[in-house]
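1. fold the following, please.
(one chain, ligands or ions: 1)
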Amino acid sequence: MQEQKRVVIIGNGIAGITAARHIRKQSDCEILVISGESDYFFSRTALMYVYMGHMEFEHTQPYENWFWEKNRIELLKGWVRKIDFESKTLHIDEDKTLPYDTLVIATGSVPNKFGWPGQDAVGVSGLYHAQDLGYIEQHTREAKHAVVVGGGLIGVELAEMLHSRNISVTFLVRENNFWDTVMPEEEAKMINQEILDHHIDLRLETELKEITTDGEGKVTGVITSTGENIACQFVGLTVGVSPNVNWLKDSGLEINRGVLVNEYLETNKPDVYAIGDCAERRTPTEGRRPLEQVWYTGRMMGEVVARTITGDRTAYRPGIWFNSAKFFNIEYQTYGRVKPQLKSGQEQFFWQSKDQKKSLRIVFDEQTMAVLGVNVLGIRMRHEIWDQWIAAGRKINQVMAELESANFDPEFFKAYEYDIRQVFNREFEYMTVPNKKASLLKRLFA
Ligand SMILES: Cc1cc2nc3c(=O)[nH]c(=O)nc-3n(C[C@H](O)[C@H](O)[C@H](O)COP(=O)(O)OP(=O)(O)OC[C@H]3O[C@@H](n4cnc5c(N)ncnc54)[C@H](O)[C@@H]3O)c2cc1C
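-> Alright, predicted model coming up:
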């Protein structure tokens, strides 16, 4: 265990703070976390619930304010403007410099903007930083109608937030269906319908052309790619995020879209690591992407880098991909990789409930029948079970027979396994293992 070196972490998000906590658990190093956005770590994913009145901003902070001093994690509020890797010095704000022995760059993402006329007008905002929440609060207080641009996870959250305040929303989505660059068509259409059911004016295949303003630079509306003029008092720009690395471009650090790291999360500079949203892996493990800008990968990277920094050099191996989200009332989980289109050599099973609010898609290998991935909407499933099934290459018919063990819905929720198996047995009769128990139960309760 290496002692007493000074570790500086830039960014107090999930990645940076996990690294700090785990370095402290495993060593006596001096630890300093620098961040420009907030005094304390908060949960970015909970920002929407603050706006919707479900919680106060303070409740998004998982640790009490005394936690940091007690654990000897020094916090500094400020922006790092420049890094001198030769002298191992950070330049902070206008006038401060600080040395480091080991540096962790965990600077997260920034919302994308694509140079639209009017994109910096008063009443236009992304949803990423704590400051955005204050800005949205201020500029939607009097708003009657808003336009949200960009059909991803943050866009649908922003639409839901505005809807919760009775602000009518037009939602511009460039694709044919909501998030269909990630989800297959059936699931994407279910979410289209869920959005429409919540009285959001969803405009598919429609892009932003221009944001119009009044004489004082305030938003008055948008012009869309279809030539329509939509009056509004607020515009939400949620067209994806990019690694927050622009400020590092001429520093000598190797950067592609994010800071390039090897499997140990090491950059091209000695004693400098990058983790979380801002890190791009040079050689991602199978089934994973170079950039994965989600909460749990930031946490995992923080834990892994802490081990390496405290003397136990450890490779980052995130295992099987998973993600989850909520689209209004429909929960979504995915394990493994389910692409919008099947790849050659793959087969799939798809089930949908009659009300089209629940679905299950399982992708499997045509030859071996091994399950490769699953998409589930509206039913909660157990992460560890799907993880095991996919890792072990469990065959689709075995998975079907044991489907109940993956169900994580609360007791007394309607169970769908019987219906699902019926459809599966009909479609894939040739590989079905008869499930005697289920059919017996069905007969008993028919
Ligand atoms: C509204 C919203 C909802 C989301 N919901 C989900 C979800 O449900 N599930 C999920 O998995 N993911 C979700 N995400 C994504 C997830 O929040 C991010 O992947 C995660 O927060 C990234 O963590 P990070 O530590 O890498 O970076 P960040 O959380 O961005 O933290 C980086 C910090 O570094 C600071 N910083 C940057 N540059 C400097 C500098 N030069 N000097 C000082 N400080 C600097 C930043 O201001 C920031 O505070 C959501 C994101 C948003 C915006």
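2. so residue 330 touches residue 190, yeah?
-> Yes. Using CB atoms under 8 Å, residue 330 is in contact with residue 190, at 7.0 Å. To be clear about C-beta, it is placed using only N, CA and C from the backbone, and glycine gets the same treatment.
3. show me which residues of the stretch 201-350 of the chain are close to the ligand?
-> 244, 247, 276-277, 293-296, 298, 325 (CB under 6 Å from any ligand atom).
4. from the residues you listed, which single one is nearest the ligand?
-> Taking CB to the nearest ligand atom as the measure, the ligand lies nearest residue 276 of those, at 2.3 Å.
5. can you pull the domain assignment for this structure?
-> According to automatic domain parsing, the chain comprises the domains 6-110+242-309, 124-239, 323-445.
6. residue 316: which of those is closest?
-> Residue 316 lies closest to domain 6-110+242-309 among the domains of the chain, at 4.6 Å (CB to CB).
7. starting at the chain centroid, how far to that closest one?
-> 16 Å (CA atoms, centre = their mean, to the nearest Å).
8. low-confidence bits of the protein, can you list those?
-> 1-3, 411-412, 430-446 (pLDDT under 70).
9. centroid-nearest residue for it?
-> residue 294 (3.6 Å; CA atoms, centre = their mean).
10. got the contact list for it?
-> residue 323 (CB atoms under 8 Å, 6 or more residues apart in numbering).
11. so how far is residue 44 from it?
-> The gap separating residue 294 from residue 44 is 11 Å, by CB to CB, to the nearest Å.
12. likewise residue 392?
-> Taken as CB to CB, the span from residue 392 to residue 44 is 34 Å.
13. name the residue in those two with the higher neighbour count.
-> Legend: neighbour count by other CB atoms under 10 Å for residue 392 and residue 44, higher for residue 44 (20 against 11).
14. compute the number of surrounding residues for the closest residue to that one other than its chain neighbours.
-> Once flanking residues are discounted, residue 44 sits nearest to residue 13: 6.8 Å by CB to CB, 6 or more residues apart in numbering. Neighbourhood size, residue 13 [other CB under 10 Å]: 28.
15. wouldn't residue 13 be in contact with residue 45 here?
-> No. Using CB under 8 Å, residue 13 makes no contact with residue 45, being 10.8 Å away.
16. where exactly do the helices run in the stretch 51-200 of the chain?
-> All helices of the stretch 51-200 of the chain, identified by DSSP state H, counting those that start in this stretch, fall at 67-70, 130-140, 153-164, 185-197.
17. name the helices or strands packed onto the second one?
-> Spelled out, it's helix 130-140. helix 47-51, strand 124-125, helix 153-164, strand 234-237 (3 or more CB pairs under 8 Å, 6 or more residues apart in numbering; DSSP states H and E).
18. can you list the buried residues in it?
-> Buried residues in helix 130-140, counted by 16 or more other CB atoms under 10 Å: 132-133, 135-136, 139-140.
19. how about the third one?
-> Using 16+ other CB under 10 Å as the test for burial, helix 153-164 gives 153-163.
20. cool, and stretch 226-238?
-> Buried-residue list, stretch 226-238, by 16+ other CB under 10 Å: 230, 232-238.
21. got the contact list for that stretch?
-> Contacts to stretch 226-238, defined as CB under 8 Å, 6+ apart, come from residues 111-113, 119, 121, 123-127, 136, 139-140, 142-150, 152, 154-155, 158-159, 162, 167, 170, 203, 206, 211-212, 219-224.
22. now do the strands in the stretch 301-446 of the chain.
-> Using DSSP state E, counting those that start in this stretch, the strands of the stretch 301-446 of the chain run over 322-327, 330-336, 346-352, 359-365, 371-377.
23. could you dump the ones you listed to CSV with mean neighbour count?
-> Listed next are those as CSV, based on neighbours: other CB atoms under 10 Å:
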stretch, mean neighbour count
strand 322-327, 17
strand 330-336, 21
strand 346-352, 17
strand 359-365, 22
strand 371-377, 23
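24. closest to residue 36 out of the ones you listed?
-> strand 322-327 (27.7 Å).
25. could you check the angle the closest one makes with helix 153-164?
-> With axes from the mean of the first three to the mean of the last three CA atoms, to 10 degrees defining the directions, strand 322-327 sits at 20 degrees from helix 153-164.
26. by contact count, what packs against the longest helix belonging to the chain?
-> Criterion DSSP state H: the longest helix present in the chain is helix 295-309. Secondary-structure packing of helix 295-309 (3+ CB pairs under 8 Å, 6+ apart): helix 14-26, strand 102-105, strand 272-274.
27. identify each buried residue in it, please.
-> Using 16+ other CB under 10 Å as the test for burial, helix 295-309 gives 295, 297-309.
28. stretch 173-186 too?
-> So stretch 173-186, judged by 16+ other CB under 10 Å, has buried residues 173-175, 177-180, 182-184.
29. and that stretch, end to end?
-> 17 Å (CA to CA, to the nearest Å).
30. now do the closest residue to residue 357 other than its chain neighbours: how many residues are near it, please.
-> Take residue 357 and drop its neighbours on the chain: the residue closest to it by CB to CB, 6+ apart is residue 378, 5.1 Å away. Neighbours of residue 378 under the rule other CB under 10 Å: 22.
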